[in-house]
Structures are given as structure tokens and as C-alpha cells.
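*Asks:* Just need the structure, nothing else, for what follows:
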Amino acid sequence: MAAKELFGLARPVIGMLHVPPSPGVPGFPGIQAATEKMRLDLQAYLRAGVDALLLENMHDFPCVAEREMGPEVAAYLTRLAVEARRLCDEAAGGAARPLPLGVQVLFAASRTAVAVAQAAGLQFVRAEAWTHAHISDKGIVEAQGGRVKRYQHHIGADGILVLTDIKKKHASHAWTADLSLADVAELLEMHRSDGAIVTGTVTGRPPRREDLEAVRAATRLPVIVGSGVTEENLAEYFPLADAFIVGSHFKREGHWEARVEPERVRAFMDAARALRRAAPD
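*Replies:* Model prediction:
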């Protein structure tokens, strides 16, 4: 399934649904409280008319690698993802195209993300470290593409899109300093990515315009802005990307740990729809 076919429109806006800490992580509020907190943010997004949602365990910071996770993380995220899918389907009221939902599991836990997506009926995942090893603020991570694609096929989840980061934020890329973003983007196709995500260096920081232009020129994959898009800079980035993942800007005072504010989402979505009308694909 192509990205445009999944989202049903050009340049969709994907809102980040940052769920409460997982079991075993400081701050875990309990299953019922976590579900209720997620539900409040999800409903705020639905009221504001976002195009898709991406569930993520961002509150698990500092995260651990997939091999260090217990089964409770996958179980917890599946529980929340099933509830998110139910709420979105209920809000769609039998519409032919319910809101697309995806999941990302930190840190570099992309097989876990595929398993959660398969179990909960989600349509896409976001994955990091797809083609090259790197040194992140959470440790060294090897390239994930081969093991994730094989696992995806093994469990019958080939229909789930995998959107992959290029030179992931919160990481050092000294090991791959001889490779440009364009070089890595070109290799993503060979490694069967379904979309190339370009970010700034940290959460909430936008990518450089020249980076987006280089990636777009290097690959036929959809190019996605993965951080730092705001209502103020959306018009600048709109012609350069095929989709936008937005988290911090939708939160109170632009901080990712805060609650989703429907007014901020609604104003952003109004701006996005106006830009779509002005430049239809």
C-alpha cells in the first residue's frame, strides 16, 4: 500500500499520540489511568480534524533497547493501540476510510512495533536505524531493516507500511559522516522502506530545507518531515514534503510532555487545508 493510498489525501498531517509511561517505567499511572489519558489526547485530535495518528512511548525516556525490554511493553502498547483503534473507528461512524493509525516503539524496537500494529489493526509503523548503525543518546543501535522486514513477513504483516528515519535525531552520526542524507535516502529504497523521514537534530527542531531538497532528489519514496513543523513554518515546508509528523507544536506551549490542545491542532489543520487547496496534487 502506498502512503497516499493509505492516508487518502496529499500531504497528510500525522499527530503524535505520546502515551503515558509503560509498566516498569517511573511514572506508570496504571492501565486504566493510562488509557484515560490517551483517550483525552486522542479525542482532542479527533475534534480538531487531524489526518492520522502515531502512537509512541515517548514518556519511557530514558528508553532502553528492544533486547532489554520485557514483554510488558508490547502488551501495554497493544492494549492502548487496540483502544485507540476502537475509538477512531467509532468516531468514523462506518466511514469507508477510518483514521489511519501507526505506532513507534522506542528505542529502535521496530519488531515490537510491527507486532503491536499487527495485533491492534494499525496501518503503519515508524522505525529508526533502518540502514546504518549509529550512536544514539540511548546507546548503539545496529541497522534494523533486514531483521524487521523478515519478521514482518514471518507474522503476516506485509501490508503494514514502515516509515523510516534518515540519520535519526538524538544521535551522533560520526560513523556515517562520509554518507550524505541523500546517500542514505537512496539506500532506503533498496532496504524496502515505505517512506523517508527527515528530522532536525532533536525533538521539536525542524530539518534544514536543503536536507529535504536533497532527500527528495535522491529517492522516489514519500518524504516526510518528522520534527519541528509549526503553524508558522508550515508554508515553507509544504512544497518540500509528502507528509508531516507533528507532536510538540500540538501541545501546550509547544512542549512534547504537555497535553494536546485542540485549538493549536485546529489552527494548524486549517492552515494545512488552505495550502492543499492552493496547491492541489
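*Asks:* Might one say that Val82 is in contact with Ala120?
*Replies:* Yes - with contact defined as C-beta atoms under 8 Å, Val82 counts as touching Ala120 (4.7 Å). In this view, the C-beta of every residue, glycine as well, is placed from N, C-alpha and C.
*Asks:* More neighbours: which of the two?
*Replies:* Taking neighbours as other C-beta atoms under 10 Å, Val82 and Ala120 compare with Ala120 leading, 20 against 15.
*Asks:* Look up the closest residue to that one, ignoring the ones flanking it.
*Replies:* The shortest distance from Ala120 to any non-neighbouring residue, by C-beta to C-beta, 6 or more residues apart in numbering, is to Ala81 (3.6 Å).
*Asks:* just Gly8 next, same as before
*Replies:* Counting by C-beta to C-beta, 6+ apart, the residue nearest Gly8 is Arg97, at 5.1 Å.
*Asks:* again with Ala65
*Replies:* Nearest residue to Ala65 in three dimensions, chain neighbours excluded: Phe107, at 5.5 Å (C-beta to C-beta, 6+ apart).
*Asks:* In this protein, what residue spans correspond to strands?
*Replies:* Here the chain has its strands, by DSSP state E, at 13-18, 52-56, 101-104, 124-127, 134-136, 139-141, 161-165, 171-172, 195-198, 223-225, 243-246.
*Asks:* Ser248: neighbouring residues, count only.
*Replies:* For Ser248, the neighbour count with other C-beta under 10 Å is 20.
*Asks:* swap in Arg266?
*Replies:* Arg266: 16 surrounding residues under other C-beta under 10 Å.
*Asks:* thought Gly24 was touching Gly70?
*Replies:* Yes - when contacts are counted by C-beta under 8 Å, Gly24 is listed as touching Gly70 (6.5 Å).
*Asks:* rewinding a little: quick one: contacts for the residue nearest to Ala120?
*Replies:* 55, 101, 103, 116-117, 119-120, 122 (C-beta atoms under 8 Å, 6 or more residues apart in numbering).
*Asks:* Please apply the same query to Lys4.
*Replies:* By C-beta under 8 Å, 6+ apart, the contact list for Lys4 reads 10, 222, 242.
*Asks:* Just the buried residues from those, in PyMOL please.
*Replies:* With 16 or more other C-beta atoms under 10 Å as the criterion, this PyMOL line picks the buried residues out of those:
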select buried, resi 222+242
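*Asks:* Just the closest of the contacts of Lys4 to Ile135, please.
*Replies:* Pro222 (27.4 Å; C-beta to C-beta).
*Asks:* wouldn't the closest one be in contact with Ser193 here?
*Replies:* No - shown here, Pro222 and Ser193 do not form a contact pair, counting by C-beta under 8 Å, at 9.6 Å.
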